[in-house]
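# Fold the following for me, if possible:
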Amino acid sequence: MHTFHAMRFTLLSTGKGDASMDMETVKLSRIVEKLAPELIPFLTQREMNLNIVLRDGMGILEPEDAMEIVQHSICEHQKEVLLQ
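Numbering: from 1, shown residues only. Predicted coordinates:
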């Protein structure tokens, strides 16, 4: 699971976080559908199903944030596949 927070978001250690944060777990598909639907044809079903933890929820995300989250998520997913 990938965890994003702060300014707009930053990667936290997986599974860790400050309990006082208003975190929200969403599928990557929800972020893409809302903020960057033009990316949908380029993502696999497995990528679309990745869980993303947002510190402050969907409300603060901008389209450029969605692009960065997608890029990072794909890179992390590819690393995991290579390590298997």
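
# Geometrically speaking, which residue is the centre of this protein?
residue 52 (4.0 Å; CA atoms, centre = their mean).

# Would you double-check that that residue falls in a strand?
Yes - checked against DSSP: H, G, I helix; E, B strand; the rest coil, residue 52 lies within a strand.

# Adjust the sequence numbering to begin at 38 for everything that follows.
Happy to do that; since the first residue is 38 now, the last one works out to residue 89.

# pretty sure it contacts residue 69?
No - using CB atoms under 8 Å, residue 89 is not in contact with residue 69; the gap is 10.2 Å. C-beta coordinates here come from the backbone N, C-alpha and C atoms, glycine included.

# Residue 105: which element?
Using DSSP states H and E, residue 105 sits within helix 100-120.

# Buried ones in that helix, by neighbour count?
102-104, 106-107, 110-111, 114 (16 or more other CB atoms under 10 Å).

# Most widely separated two among those?
102 and 114 (18.1 Å; CB to CB).

# that older thread, let me know the closest of the buried residues of helix 100-120 to residue 59.
Nearest to residue 59 among these, with distances taken as CB to CB, is residue 102, at 16.6 Å.

# Just the pLDDT at the closest one, thanks.
Residue 102 carries a pLDDT score of 91 in this model.

# Kindly report the same for residue 38.
You'll see residue 38 listed with a pLDDT of 53.

# now residue 49
43.

# Check the burial of residue 75 by counting its neighbours.
Neighbour count for residue 75, taken as other CB atoms under 10 Å: 9.

# Pretty sure it sits in a strand.
No - counting by three-state DSSP, residue 75 is located in no strand; its state is helix.

# Point out where this structure drops to low pLDDT.
38-58, 118 (pLDDT under 70).
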